[in-house]
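>>> this one's structure only:
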């Protein structure tokens, strides 16, 4: 029950922020340095989330197979392969390394 309440609260907060952006779009003027920094902050946050997901598991290092799979997926994405190919390459790299005994 607590989990449902937390999810509902997060959803309400997310929609409130989105609505505030639409309603205050023309009324709020951000300083130029802050307006330039906001996209960078979003990119940094996304990078931190990716790094956390790729490198940790249960509060510790996830091993070398998972980061290698992420790098393989990144290379495939940079080569502009279709999304399904990127996912398959990343998963296959991780699986083959784990099969080979790389933790």
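Perfect, thanks for sending it. Bear in mind that the values here come from a model prediction, so they are computed numbers and not experimental data. Numbering: from 1, shown residues only.
>>> could you pull out the helices for the chain?
Taking DSSP state H as the test, the helices found in the chain are 2-23, 32-55, 65-78, 83-99.
>>> buried stuff in the shortest one?
When you say that, I think you mean helix 65-78. The neighbour-count check on helix 65-78 (16 or more other Cβ atoms under 10 Å) flags 65, 66, 67, 68, 69, 70, 72, 73, 76, 77 as buried. To be clear about C-beta, it is placed using only N, CA and C from the backbone, and glycine gets the same treatment.
>>> pick out the most distant pair among these.
65 and 77 (18.7 Å; Cβ to Cβ).
>>> sorry, back to before: and the helices of the chain, which is most packed in?
Of the helices of the chain, the one with the most neighbours on average (mean count of other Cβ atoms under 10 Å) is helix 65-78, at a mean of 17.
>>> and the contacts of that one?
50, 54-55, 57, 85-87, 89-91, 93-94, 97-98, 102-103 (Cβ atoms under 8 Å, 6 or more residues apart in numbering).
>>> tell me which two of those residues sit farthest apart.
The most distant members of the contacts of helix 65-78, if one measures by Cβ to Cβ, are 85 and 103, lying 26.1 Å apart.
>>> where does this structure dip in pLDDT?
Residue ranges of the chain with pLDDT under 70: none are present.
>>> how is it divided into domains?
What automatic domain parsing lists as the domains of the chain is 1-30, 32-103.
>>> that older thread, nearest to residue 11 among the contacts of helix 65-78?
Closest to residue 11, out of all of these and judged by Cβ to Cβ, is residue 50, at 23.1 Å.
>>> give the contact list for that closest one.
Here residue 50 is in contact with residue 70 (Cβ under 8 Å, 6+ apart).
>>> would you mind measuring from it to residue 102?
21 Å (Cβ to Cβ, to the nearest Å).
>>> do residue 40 as well
From residue 40 to residue 102 the distance is 35 Å (Cβ to Cβ).
>>> circling back: with distance to residue 4 added, can I get the buried residues of helix 65-78 in CSV?
Compiled in CSV, the buried residues of helix 65-78 are given as follows (distance: Cβ to Cβ, whole Å):
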residue, distance to residue 4
65, 35
66, 30
67, 34
68, 37
69, 33
70, 32
72, 37
73, 33
76, 37
77, 35
